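# the following block contains a protein sequence and its predicted model.
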Amino acid sequence: MRLLTKHQVAEILGVSVRSIDDWTQRGMLKVFKVGRLNRYSLRHIEDFLKVRRGTLSDAKASASEARK
């Protein structure tokens, strides 16, 4: 698992570090504590992007419809 700093996440998502802090506090981004430091999983950030773009929810909806 690759862990990223909030500065790296902000760069990947194209937002400010303050947005990362806000989204973390709201529970929109999952944070891992490494000692006293907060780190973010690259996989979770990729999933967050998919949800924001609507592709993850579409894929889950298609999978649940296929099971019916």
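Thanks, I have the structure now.
# mind checking pLDDT for L3?
According to the prediction, L3 has pLDDT 95.
# so it touches S41, yeah?
Yes. Using Cβ atoms under 8 Å, L3 is in contact with S41, at 6.2 Å. C-betas here are computed from N, CA, C, even on glycine.
# residue nearest the centroid of the chain?
I45 (3.0 Å; Cα atoms, centre = their mean).
# now do the contacts for that residue.
Contacts here follow Cβ atoms under 8 Å, 6 or more residues apart in numbering; on that basis I45 touches 4, 9, 12-13, 29.
# need the residues touching each of L3 and S41.
F32.
# more neighbours: which of those two?
Legend: neighbour count by other Cβ atoms under 10 Å for L3 and S41, higher for S41 (18 against 14).
# over to that one: give its phi and psi.
Main-chain torsions, S41, degrees, to the nearest 10: phi -80, psi 130.
# find me the pLDDT at it, would you?
96.
# contact partners for it?
Applying Cβ under 8 Å, 6+ apart, the residues near S41 are 1-4, 30, 32.
# please check the residues you listed and keep the buried ones.
When these are checked for burial by 16 or more other Cβ atoms under 10 Å, the buried set is L4.
# between all of the contacts of S41, which two are separated the most?
R2 and K30 (14.0 Å; Cβ to Cβ).
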